[in-house]
Structure formats: C-alpha cells, structure tokens
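**Student:** Starting from these lines, generate the structure:
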Amino acid sequence: MGVNRLRDLQDPMTDSRFHKVLVFTAQLQQLPSVLVGIWIMLCTGICALAWAHAPLLPLLYAGFAALNWWLMWSLPRFGLSFGPEKATVMALALLLLALVMPLGLLGAPLWMGLAVLVITTALAVYATYVEPFDLRVTHETLITPKWSSSAPLTVLHIADIQVERITKRERLLNQRIRELKPDVIVFSGDFVSISYRYDANAQAAIREVIAEWDAPYGVYCVPGTYTVEPIERVQQFVAGLGNLRLLLDQWVTINTPGGILHIMGMVTRHILATDQATVARMMRTAPDGGVKLLLTHAPDVAPDADAAGIDLYLCGHTHGGQIRLP
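**Tutor:** Modelled structure (predicted):
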C-alpha cells in the first residue's frame, strides 16, 4: 500500500532519468571554464596512455577538443544558438576519447585515430551549424468523405520551436510560413528551450516569433512538456496576442467551404492513464459531424484517439525524423 502511494506521488517527468540528465547538463554551465579545461587535459592524459605508440595523436586529440570548445563557444557569438555549451564540450571530449582510446589500445595507426577525430568533429559542426537551419516541410494529404475535394484545406503543423533567442532559424521559420500561406496553423507545444524556461529575453523572443503567425481560419496552440513550460508560463507567452488561441482541453469548430473542422486542443500531462481519460472525456462532448483533429504535445494516446474516432492526430515532442537510422 505504501509503495503504491509512493508511486502515485512520483512525477513521471521530473523523476525520469532523462529529465534529470537535462537539468544536470544545464547546471554544468555554471562550472568555471578552468574546470572544463582540466577535464580536457584529463581526457588527453588518458588518450596518451592508450596511444603511447603514436605520441602525436594525444596532441591532435587535445587540439580537436579545443576546437570543439571554440565552435560551441562561438555559436551565440555568431547569433546561431544560445544553449549552454560547457556540457556539450565535455561530452564531445568524452566521446572523442571513447572512440579513439580502443583504437590506441589495439595499436591502430595514427591516420586511423586522426580520421576518427576529423569525422566526429565534422559531425558536431553539422549538428550545430548546419542541421538546425535545414528546415524542411513534409506534405501529407488526407482524403476523407467528410471533406469536399473541390475545396481542400491546408493545415500547417508546427512543433517544438524551443526558442532561446531570435536567430536565423526563427527568421527562416516565419519566412517559410509566409511562403506556404496555410489556411490553418496548429502548434503542438514546446515554445521555449529548457535552458531558458524563465528567461525574460527568451519570452520576448517567443512572442516576437509567434506574433507573426497568421492564417485565414486561425492559429491554435497547446502547451508542451509541463516540466519545461507549465500552463501558467505558456499563458504568459501568448498573453495579449490576438492572432492565436491557446486551447486547454477545449474544442474549437471551423466552418469552411469544404467542410467543418473540429480541433480538439488537449494538454499532455505525460501520465498515460490521465491522458487516456482526457481523450475519453473530451470525445463524449465532441461536436457532431465534420473532421476531428486532435492537437496535443505527445503521441502517447494516438491509439486511443484513433479508436475514439479522431480523424487526424497532430503532435510533436519526440522530434521524429531529426535523428534517423539509416
């Protein structure tokens, strides 16, 4: 009984290892830079032990670790990204060590270790300087007898913008939105980066970005992960903005020439039973007819929504497709 009660009191998000790791890495930004340098020197020393047969490799390792530090440090100076860099620098140093140390212990030639350093650093550059600004639009077509093919409706789904400051990425996002000219815009949450949850400048940047969103039939949004942006915080992000509407477990109906679109904006609580119950409760008051679109942050209750009669389920959270194999 006591164990069950303890489980009921535990928060599935704040008590998760993943969330604790995110919070911990953000806290590493408070470390003095000298400690980051000592970390790199320690890793270099371990590398030297493994590569005793090729003493140039540890020097190259230290050089690439320092280069990665400069690259991460430069991101906000170039106006590209404003996340904490020290945890990334330390993780990259550890990753480089984990990749080259086994090769050294096996007596690999110098060129092989150098190739690993070059390739890994190139991937880090791509992941931070290139990929975040490679915004792509995925087009999907939903054909249903509930909608007239003579008057199609374009719904633009945006997810997980996780703003820190206004950068090239945010400007490119809004440019793409203007070019697409959607009929409806829906945003499935995560307005802010976890490192800037209560940062006033980040809030101003968010408001500047979303204030530009415009569509003939409206802009609708729901909160993201509550450990990053509780509902009260999201309400501050959108307060006074007349161009969009925050949906908190609410239905909204849009009448168009092609048919009726009912949007069910649901708050994701990340407790499966609770979210399943919310779907069931909201479907009991669902409007009749039309196409029913469920807008929420996470994909967890997609099977329940499908069984309940939802026609289209739009969510984010998992960053699906950002990292894929192959």
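**Student:** any idea how far the residue in the chain sticking out farthest from the centre is from Pro109?
**Tutor:** Farthest-out residue of the chain from its mean C-alpha position, per CA atoms, centre = their mean: His53, at 43.2 Å. Distance from His53 to Pro109, counting by CB to CB, to the nearest Å: 9 Å. Where C-beta positions appear, they are placed from N, C-alpha and C, glycine not excepted.
**Student:** Equivalent analysis for Ile271, please.
**Tutor:** 54 Å.
**Student:** tell me the domain boundaries of the protein?
**Tutor:** Following automatic domain parsing, one finds the domains of the chain at 2-133, 155-314.
**Student:** Pick the most buried one from those domains.
**Tutor:** Greatest average neighbour count among the domains of the chain goes to domain 155-314 (a mean of 18), per mean count of other CB atoms under 10 Å.
**Student:** what residues does the helix or strand hosting Gly113 touch?
**Tutor:** Here Gly113, judged by DSSP states H and E, is contained in helix 110-125. Residues from elsewhere that reach helix 110-125 (CB atoms under 8 Å, 6 or more residues apart in numbering): 51, 54, 56-57, 60-61, 64, 67-68, 71, 92, 95-96, 99-100, 103-104.
**Student:** got the contact list for the residue nearest to Pro223 when sequence neighbours are not counted?
**Tutor:** Among residues not flanking Pro223 along the chain, Val234 sits closest, at 4.3 Å (CB to CB, 6 or more residues apart in numbering). Val234 makes contact with 189, 191, 221, 223-224, 246 under the criterion CB under 8 Å, 6+ apart.
**Student:** Helices along the stretch 51-200 of the chain, start to end?
**Tutor:** 56-77, 86-105, 110-125, 168-180, 200-210 (DSSP state H, counting those that start in this stretch).
**Student:** nearest to Glu140, of those helices?
**Tutor:** helix 168-180 (13.4 Å; CB to CB).
**Student:** Check which helices and strands that closest one is in contact with.
**Tutor:** Judged by 3 or more CB pairs under 8 Å, 6 or more residues apart in numbering; DSSP states H and E, helix 168-180 is in contact with strand 155-158, helix 200-210.
**Student:** shaky segments in the stretch 201-326 of the chain?
**Tutor:** 320-326 (pLDDT under 70).
**Student:** Where do the helices of it begin and end?
**Tutor:** For the stretch 201-326 of the chain, the helices defined by DSSP H, counting those that start in this stretch occupy 231-238, 272-284, 302-308.
**Student:** separation between the residue positioned nearest the centre of the chain and His297?
**Tutor:** Closest residue to the average C-alpha location of the chain: Asp160 at 4.6 Å, with CA atoms, centre = their mean. Asp160 sits 9 Å away from His297, going by CB to CB.
**Student:** Are there residues contacting both of these two? Which ones?
**Tutor:** Residues touching both Asp160 and His297 (CB under 8 Å, 6+ apart): 188-190, 224, 316-317.
**Student:** Let me have those in CSV, extended by distance to Tyr126.
**Tutor:** Below are those laid out as CSV (distance: CB to CB, whole Å):
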residue, distance to Tyr126
Ser188, 26
Gly189, 27
Asp190, 23
Gly224, 26
Gly316, 23
His317, 24
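**Student:** of those, closest to Ser33?
**Tutor:** Asp190 (30.0 Å).
**Student:** Skipping its backbone neighbours, what lies nearest that closest one in space?
**Tutor:** Gly224 (3.3 Å).
**Student:** cool, and Ile158?
**Tutor:** Phe187 (4.7 Å).
**Student:** Please name the bridge partners of that neighbour.
**Tutor:** Bridge pairing for Phe187 (DSSP bridges) gives the partners Ile158, Cys221.
**Student:** For it, which residues are in contact?
**Tutor:** 157-159, 161, 210, 213, 219-222, 244 are the contacts of Phe187 under CB under 8 Å, 6+ apart.
**Student:** could you redo those residues as CSV and give each row distance to Arg171?
**Tutor:** Compiled in CSV, the contacts of Phe187 are given as follows (distance: CB to CB, whole Å):
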residue, distance to Arg171
His157, 20
Ile158, 15
Ala159, 18
Ile161, 12
Ile210, 13
Trp213, 13
Val219, 18
Tyr220, 23
Cys221, 20
Val222, 24
Leu244, 19
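**Student:** Looking at those residues, which one is closest to Val34?
**Tutor:** Set against Val34, the nearest of these by CB to CB is Ile161 (34.9 Å).
**Student:** surely that closest one meets Asp190?
**Tutor:** Yes. Using CB atoms under 8 Å, Ile161 is in contact with Asp190, at 6.9 Å.
**Student:** returning to that earlier point: distance of the residue farthest from the centre of the chain relative to Leu60?
**Tutor:** Relative to Leu60, and taking CB to CB, His53 is found at 14 Å.
**Student:** again, but for Ala159
**Tutor:** 40 Å.
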